[in-house]
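> structure for the following, please:
(one chain, ligands or ions: 1)
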Amino acid sequence: MYDESKEPVIILRDVRMKYSDRYVLQGIDLEAYPGQIIGYIGPNGAGKSTTVKIMLGLVQGYTGEVKLFGRSLAEEAYDYKRRIGYVPEVVELFENLTACEYLTFVAELYGLSYADADAKASRLMAMFELEQVYHKRMTSYSKGMRQKVMLIASLLHNPDVLFFDEPLSGLDANSVMIVKEIMAQLAAQGKTIFYSSHIMEVVEKISSRIILIDEGRIIADGSFEELKSQSQEGTLEQIFNQLTGFHAYKQLAGEFVSIVREA
Ligand SMILES: Nc1ncnc2c1ncn2[C@@H]1O[C@H](COP(=O)(O)OP(=O)(O)OP(=O)(O)O)[C@@H](O)[C@H]1O
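Predicted coordinates for the structure are as follows:
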């Protein structure tokens, strides 16, 4: 369980972000604590990736305050990146490298020596039964194999906060169980996991807290039980549909299919 007596590791205050004339984040306020697994969910285009990229220092030009580990990202030369890990949604970069080359490169950026990085990376690859391909180029990897490499890359430096964007994407059923358990054990040891996904069944089960964002605003924030009792719905998928005002999926699907069938 997370410990709210500790200092929050993430603080966002009135974070707003504008692209061209349009606000895609309209005032995000949240704190995250050690040991929390936060499911950060919302419709396509709601602003989830933008929020995460701001926290990663990849997007500038926002207003409001963003603090990680008690210090503002706006502070000059604040080197917080060694304490965070990130699994991006799209894994296409660097595939001409072998896993060994890629993982040791990433770990060295985080300050590990080559020898330590190689030893740790090869052992973690073996845990996913990927030892045979450790020295093969990732162009020859399946989607799930690449995803496992990205997970390892995000964890090699033992970060305190993890940002995962669809981390189970492409993983087989056994690997999903392993990764879910890894997340639970990391959280039990006080890591904070900020997790974006569209797979509601998984978010419902693994999150200690769920934040639902729609059109750049937080519209629900609490444990699954809290969200359930507020909305009178049974599953997270139903809560999501209700809170985002979506009911017409059958009609929409019908219209879609009828357009497809037009000669
Ligand atoms: N670089 C950019 N330039 C202009 N608009 C952008 C840019 N990045 C994101 N947007 C817009 O900001 C809005 C929020 O995008 P964002 O990627 O944060 O959504 P998301 O909630 O992560 O969506 P998804 O579930 O589809 O991944 C969208 O309307 C998107 O078109």
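> got any ranges where the stretch 1-150 of the chain has weak pLDDT?
Along the stretch 1-150 of the chain, segments meeting pLDDT under 70 span 1-5, 90-93.
> within range of the ligand, give me the residues from it.
Proximity of the stretch 1-150 of the chain to the ligand, by Cβ under 6 Å from any ligand atom, involves residues 19, 24, 42, 44-50. (C-beta placed from N, C-alpha, C; glycine too.)
> same thing but at 5 Å, please
Along the stretch 1-150 of the chain, the residues adjacent to the ligand under the rule Cβ under 5 Å from any ligand atom are 19, 24, 44-50.
> in the protein, which residue is most central in space?
Phe164 (2.2 Å; Cα atoms, centre = their mean).
> helix, strand, or coil at it?
For Phe164, the secondary structure call by DSSP: H, G, I helix; E, B strand; the rest coil comes out as strand.
> cool, and the one 10 residues further on?
With three-state DSSP as the basis, Asn174 sits in helix.
> ok so, going back, let's have the residues of the stretch 1-150 of the chain next to the ligand in TSV, adding distance to Leu186.
Shown next, in TSV, are these (distance: Cβ to Cβ, whole Å):
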residue	distance to Leu186
Tyr19	33
Val24	30
Asn44	28
Gly45	29
Ala46	26
Gly47	26
Lys48	21
Ser49	22
Thr50	25
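> which of the residues you listed tops the neighbour count?
Of those, Gly47 is surrounded by the most neighbours, 24 neighbours in total, counting by other Cβ atoms under 10 Å.
> contacts only, for that residue.
Residues in contact with Gly47 (Cβ atoms under 8 Å, 6 or more residues apart in numbering) are 17, 24-25, 28, 213, 215-216.
> rerun that using 7 Å as the cut-off
Contact analysis of Gly47 by Cβ atoms under 7 Å, 6 or more residues apart in numbering lists 24-25, 213, 216.
> same thing with Ile11?
With Cβ under 7 Å, 6+ apart, Ile11 has these contacts: 31, 67.
> confirm it sits in a helix?
No. Counting by three-state DSSP, Ile11 is not part of a helix but strand.
> you'd agree the residue nearest to the centre of the chain is up against Ile199?
No. Using Cβ atoms under 7 Å, Phe164 is not in contact with Ile199, being 12.0 Å away.
> so which residues of this protein form helices?
Assignment of helices within the chain using DSSP state H yields the ranges 48-55, 99-109, 114-127, 143-155, 173-188, 200-206, 224-231, 236-243, 249-260.
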